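> how does the following fold in three dimensions:
(2 chains, ligands or ions: 2)
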Amino acid sequence: MSQQSPAARAPQTPESRETAQSHTAGEPRVRAEWPLYEVFVRGKRGLNHVHVGSLHAPDDEMALRHARDVYTRRNEGVSIWVVRSSDIAASSPDEKDPLFAPSGDKVYRHPTFYDIPADVPHM
Amino acid sequence: MTDTTTRTREGVDDAGLQSQFDATIEHGDRIEPRDWMPPGYRRTLVRQVAQHAHSEIIGMQPEGAWVGRAPSLRRKAILLAKVQDEAGHGLYLYSACETLGVSRGELTEKLLSGEQKYSSIFNYPALSYADVGTIGWLVDGAAICNQVPLCRTSYGPYGRAMIRICKEESFHQRQGFELLMTMMRGTDEQRAMVQESVDRFWWPALMMFGPPDADSPNSAQSMAWGIKRNSNDELRQRFVDMTVPQAEALGVRLPDPQLRWNPERGAHDFGQPDWAEFAQVVRGNGPCNAQRIAHRRKAHDEGAWVREAALAYAERQLRAQGGPA
Ligand SMILES: [Fe+2]
Ligand SMILES: [Fe+2]
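Numbering: from 1, shown residues only, chains lettered A, B, ... in the order given. Ligands and ions are numbered 1, 2, ... in the order given. Here you go, the predicted model:
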């Protein structure tokens, strides 16, 4: 159920891996690509951090600085989390995954399961 | 459910995945990065989102050249903020594009090699300071027309990037319009400058919506997939109808002798841009194509040592902390 590829993105296709290799083979130039980070912003006090996108940065500190410039130019947040995309474990993408099945048949977890007379107040 | 036809396991899986995908589109739900999607859908999105990202990045150049020459600190600060937003837009979109399984490095290389395109509008020069206003008013205005429906595009990360972008675009258009209004209240020379600028940008702005629907063979598939929500001609019409009263308020003339209100259609009739010129610019023969890419390549190459040094520093810090060598 838990997969190796990072949460927010498609597993790299063989096709795209090939392209990357053929580029390195064809060109002697070293491509220094910074690792990818996922960015989470708390919009204001009282709210959760929410995923807003990703960016490349050489390390955690620079990822935070870049996130501040890219994702919060207009008071969009009061707090930022960054995490290396490769460090995120994710459930499988299929919503019909057995992971979520147990909650599907437990209708008694929802308030609408219970019939209460309409004249009982505040319920 | 029973299915009596014999199929290979793979065939069954593919059909199942395809019908799941179709159902998601049908319900108006979003496709997310790790969902199965038809290869053509992925290819179309990579092409469109990459082209969109590249447009934001290249689009910084015509206006960026005016930051140092804007006439006041206020105007410089505004223009700088606007150009910085465009960099941000490019980054939101590269981020969305990377969720499709392409890397940032690949995208940059495909821009520099010309394999991926950017909007043809940015191959026109910003010759006068009035162009800064006209670009904000007409070019960002046309971009808004294109982008607002894309907030509901079927691919989740692209739609979310568009929502962030649209929130920022309104400032871009308004600062441009305000700049032009200020100039129109100035001298005759300034008014002439605005008119000359509008004359140059009007037709290229109309081209931003792409070729007429009849010559846009991929549009139907894009609309069936929910990537595009409106046709090129629909959006062009919407833009013209929005812009005409703005031009009146400004006191400028739009350079189209065929432009007039058609009460029967409840819309403006207008002339067609020079599509042969459009084709030339797309093919690389616009006034600034070579200059734009050369500038981008220079910035990329001259920044290489910074990217490499930052990476080396990060690695050294990690080693100093006793992390993996
Ligand atoms: Fe933009
Ligand atoms: Fe803009």
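> quick check on residue 36: phi, psi?
Reading this off chain A. With angles defined as degrees, to the nearest 10, residue A:36 shows backbone torsions of phi -90, psi 140.
> wrong one, I was asking about chain B
As for residue B:36, its main-chain torsions (degrees, to the nearest 10) stand at phi -70, psi 140.
> and the pLDDT at the closest residue to it other than its chain neighbours?
The spatially closest residue to residue B:36, leaving aside those adjacent along the chain, is residue B:17, at 4.2 Å (Cβ to Cβ, 6 or more residues apart in numbering or on different chains). In short, each C-beta sits where N, CA and C put it, glycine included. What the model reports for residue B:17 is a pLDDT of 90.
> and the strands in chain A?
In order along the chain, chain A carries the following strands (DSSP state E): A:36-42, A:49-56, A:79-84.
> out of these, flag the one nearest residue B:259.
Distances from residue B:259 to each of those were compared using Cβ to Cβ; the shortest belongs to strand A:49-56, at 40.2 Å.
> does that closest one come close to chain B?
Yes - residues of strand A:49-56 are located near chain B by Cβ under 8 Å from any Cβ of the partner chain, namely A:52, A:53, A:54, A:55, A:56.
> just the helices in chain A please.
Across chain A, reading from the start of the chain, the helices by DSSP state H fall at A:14-26, A:60-71, A:101-104.
> show me the shaky parts of chain A.
Applying pLDDT under 70 to chain A picks out residues A:1-32, A:93-98, A:101-102, A:104.
> pretty sure residue A:81 is touching residue A:50, no?
No - the pair residue A:81 and residue A:50 does not pass the contact test of Cβ atoms under 8 Å, sitting 10.0 Å apart.
> spell out which residues are contacts of both of these two.
By the contact definition Cβ atoms under 8 Å, 6 or more residues apart in numbering or on different chains, residue A:81 and residue A:50 are jointly contacted by A:40, A:41.
> okay, which residue is most central for chain B?
Note on chain B: the residue nearest the mean C-alpha position is residue B:52, at 4.1 Å, using Cα atoms, centre = their mean.
> and chain B, which of its residues are near ligand 2?
Proximity of chain B to ligand 2 is assessed by Cβ under 5 Å from the ion, with B:140, B:169, B:172 identified as the residues in range.
> keep only those of these that are in helices.
B:140, B:169, B:172.
> same list (the residues you listed) but as TSV, adding neighbour count and pLDDT.
TSV is the format used below for those (neighbours: other Cβ atoms under 10 Å in any protein chain shown; pLDDT from 0 to 100):
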residue	neighbour count	pLDDT
B:140	27	97
B:169	21	93
B:172	26	96
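> quick one, strands of chain B?
B:260-262, B:267-269.
> can you give me the helices for the stretch 51-200 of chain B?
In the stretch 51-200 of chain B, helices defined by DSSP state H, counting those that start in this stretch lie at B:60-64, B:73-98, B:104-112, B:130-134, B:140-150, B:156-184, B:188-207, listed in chain order.
> please identify the deepest-packed of those.
A comparison of the helices of the stretch 51-200 of chain B by mean neighbour count, using mean count of other Cβ atoms under 10 Å in any protein chain shown, puts helix B:130-134 on top with a mean of 26.
> what comes into contact with that helix?
Under the criterion Cβ under 8 Å, 6+ apart, residues B:62-63, B:66, B:70, B:79, B:126, B:176-180, B:183, B:190, B:193-194, B:196-198, B:200-201 lie in contact with helix B:130-134.
> buried residues, stretch B:16-33. List them.
When neighbours are counted by 16 or more other Cβ atoms under 10 Å in any protein chain shown, the buried residues of stretch B:16-33 are found to be B:21, B:24, B:25, B:30, B:31, B:32, B:33.
> residues contacting the fourth one?
The one in question is residue B:30. Contacts were defined as Cβ under 8 Å, 6+ apart; by that measure residue B:30 touches B:24, B:154, B:155, B:156, B:159.
> again, but for the second one
Listed by Cβ under 8 Å, 6+ apart, the contact set of residue B:24 reads B:30, B:31, B:35, B:154.
> can you rerun that using 7 Å?
Each residue near residue B:24 by Cβ atoms under 7 Å, 6 or more residues apart in numbering or on different chains is listed here: residue B:31.
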